[in-house]
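Visitor: generate a structure from the sequence data that follows.
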Amino acid sequence: MPTETPLWSYGFECDCFKAFAVKRRCKKEGGKFWPPLEDDVELERDPDPKLALKQKQATNQSREISRAVDVLHWAQLFLQNKAGNNYLFKCVNSVHSGKTGTQDRFTMIVDLASARAWKRADIDMAAVLEEWELPDEKSMAVLREYLGEPAWFLETEYVRRNKLFPALESGEFQAVVGIPVESHPTVGTSAQAQSAEGPEREVY
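Guide: As a prediction, the model looks like this:
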């Protein structure tokens with residue numbers, strides 16, 4: 001176990017999988033700064049990291065990556081417009097999801113604050129709110145509506161620096177810092193559940 005106190009980031013999870021969920025919910029909505037996407041985006045199918053890698057290796061280009069990035073960019077513009085806050089995504093950070101089931105399991109968050117504590121439950125939220133300026137109430141309400149509740153995540157560089165991948169994959173470190181152990185070996189799609197050989201969830 002590391003001697004360095006864990007570094008936590010506070011925010012809303014917003015990776016390409018979350019973005020697809022937002023886009024599916026909004027269907028063909030559009031606006032001045034967030035136009036509807038082309039029909040070939042295949043909204044009902046979540047991004048497939050294995051297909052993206054295969055395409056990249058074959059042609060040095062990947063339609064699958066482009067599809068994921070297009071939807072992620074659309075979702076960010078949509079949420080900024082909805083909140084009336086053009087700086088909502090000024091700080092996006094890579095964090096560890098806390099879940100097990102695949103190595104190096106990172107996700108992206110709208111990063112709002114950071115803190116150090118050995119146990120996640122020991123983070124002093126009152127002190128955090130004094131030190132960090134969170135978005136206004138309208139922006140927070142929009143993020144909650146579309147992305148769920150904000151949470152504390154282990155910061156990626158802390159995980160790498162302390163070589164915690166094996167301990168997080170086994171669930172050992174979650175027990176130390178007070179994160180419920182969740183196992184998600186595969187990622188489903190909105191159309192149908194993936195088989196056990198389905199794509200692992202990674203960050204684009």
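Visitor: so which residues of the chain form strands?
Guide: Assignment of strands within the chain using DSSP state E yields the ranges 7-13, 92-96, 99-100, 106-116, 151-155, 182-183.
Visitor: Glu149: how many residues sit nearby?
Guide: For Glu149, the count of nearby residues is 8 (other Cβ atoms under 10 Å). C-beta here means a position set from N, CA and C on the backbone, and glycine is covered the same way.
Visitor: equivalent analysis for Ser170, please.
Guide: 12.
Visitor: any regions of the chain where pLDDT drops low?
Guide: 27-43, 47-49, 51-53, 55-62, 102-104, 185-204 (pLDDT under 70).
Visitor: quick one: the helices in this protein?
Guide: 16-26, 49-59, 63-83, 125-131, 137-147, 156-161, 165-170, 172-177 (DSSP state H).
Visitor: ok, which of the strands of the chain comes nearest Lys50?
Guide: Smallest distance to Lys50 across those (Cβ to Cβ): 16.6 Å, for strand 106-116.
Visitor: follow-up on the earlier one: now the strands of the chain in JSON lines, with mean neighbour count and distance to Arg24?
Guide: Formatted as JSON lines, those follow (neighbours: other Cβ atoms under 10 Å; distance: least, Cβ to Cβ, whole Å):
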{"stretch": "strand 7-13", "mean neighbour count": "21", "distance to Arg24": "16"}
{"stretch": "strand 92-96", "mean neighbour count": "20", "distance to Arg24": "21"}
{"stretch": "strand 99-100", "mean neighbour count": "19", "distance to Arg24": "22"}
{"stretch": "strand 106-116", "mean neighbour count": "20", "distance to Arg24": "18"}
{"stretch": "strand 151-155", "mean neighbour count": "22", "distance to Arg24": "22"}
{"stretch": "strand 182-183", "mean neighbour count": "11", "distance to Arg24": "23"}
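Visitor: of those strands, which approaches Ile65 most closely?
Guide: Closest among the strands of the chain, using Cβ to Cβ: strand 106-116, at 14.5 Å.
Visitor: just how off-centre is the closest one within its chain?
Guide: 9 Å (Cα atoms, centre = their mean, to the nearest Å).
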